[in-house]
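1. need a 3D model of the sequence below.
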Amino acid sequence: MIAAALFLLLAAAAGSEPVAWKVLFFVTNDCPISNAFAPEIRRICTDPAYRDRGVACTVVYVDPGLSDAEAQKHAQEYGHTAYPIVVDRKHELVRATGATITPEVAVIRAKGGGPVAYLGRIDDSFLRLGQSRRTAGVQHDLRDALDQLLAGRPVARPRTKAVGCFIPDLAVLTNERKK
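-> Prediction:
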């Protein structure tokens, strides 16, 4: 369940358009798989089939040591300029959605909270860590989930296994920085 307080964090990154579904892309600036997905994230977030039908994207950086300037620089370099970015320094969104990998995506109802409607991979471009497909992914899991939600149907596969870099436990990161 997404806590109401988390919507305050997201509201700071929200635009003025009416939004039905919020898509949270969990990324890090140093994960090669997250970076490889930047073009597809950009395509989804700027696709009128989603944007004009109440889908709003936010890129969520999960490294608590990442400065706002570093996040902005990375967003510029990877084309994440048409939608908001957030640095989740306390892992509030990570915990609330259950994200464990970057890149991983969570789709939540924009108003009223509720459970995560979809959590998982963007598509199946990567079979496993270090092994990508030679052709474009054949299962577009996020697009399928969004299409189903926009059609008023439940997501057929609400959970898929993301492939990428693990999101370390915040306590471990904090203790490593103190050393």
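2. residues near the nearest residue to residue 74 once chain neighbours are set aside, how many?
-> The spatially closest residue to residue 74, leaving aside those adjacent along the chain, is residue 29, at 4.1 Å (Cβ to Cβ, 6 or more residues apart in numbering). Glycine gets a C-beta too; all of them are placed from N, C-alpha and C. Look at residue 29: counted by other Cβ atoms under 10 Å, it has 18 neighbours.
3. now residue 29: how far from residue 65?
-> Shown here: residue 29 relative to residue 65, a distance of 11 Å by Cβ to Cβ, to the nearest Å.
4. the residue nearest to residue 74 - that's part of a strand, no?
-> No. Counting by DSSP: H, G, I helix; E, B strand; the rest coil, residue 29 is not found in a strand; it is coil.
5. pLDDT score for it?
-> Taken from the predicted model, the pLDDT recorded for residue 29 is 95.
6. residue 57: which element?
-> Assigned by DSSP states H and E, residue 57 falls within strand 55-61.
7. do the same with residue 147
-> Under DSSP H and E, the secondary-structure element containing residue 147 is helix 141-150.
8. run through the residues that contact the residue nearest to residue 74.
-> Taking Cβ atoms under 8 Å, 6 or more residues apart in numbering as the criterion, residue 29 is in contact with 35, 61, 63, 66, 70, 71, 74.
9. the last one: what secondary structure?
-> On the three-state scheme (three-state DSSP), residue 74 is labelled helix.
10. tell me how many other residues surround it.
-> Applying other Cβ under 10 Å, we find 21 other residues in the vicinity of residue 74.
11. so how far is residue 66 from it?
-> According to Cβ to Cβ, residue 74 stands 8 Å off from residue 66.
12. elements contacting the helix or strand hosting residue 22?
-> Taking DSSP H and E as the criterion, the element that holds residue 22 is strand 21-27. The criterion is 3 or more Cβ pairs under 8 Å, 6 or more residues apart in numbering; DSSP states H and E, and the helices and strands that strand 21-27 contacts are helix 38-46, strand 55-61, helix 92-97, strand 101-102, strand 104-109, helix 141-150.
13. looking at those, which is closest to residue 169?
-> Distance to residue 169, taken as Cβ to Cβ, is lowest for helix 92-97 among those, at 9.7 Å.
14. with just CA atoms, put that closest one into CSV.
-> Once non-C-alpha atoms are left out, helix 92-97 reads as follows in CSV (Å, rounded to 0.1, in the frame of the first residue of the first chain):
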residue,chain,number,x,y,z
GLU,A,92,10.6,5.6,1.1
LEU,A,93,9.4,4.8,-2.5
VAL,A,94,11.6,1.7,-2.6
ARG,A,95,10.0,0.3,0.5
ALA,A,96,6.5,1.4,-0.3
THR,A,97,6.6,-0.3,-3.7
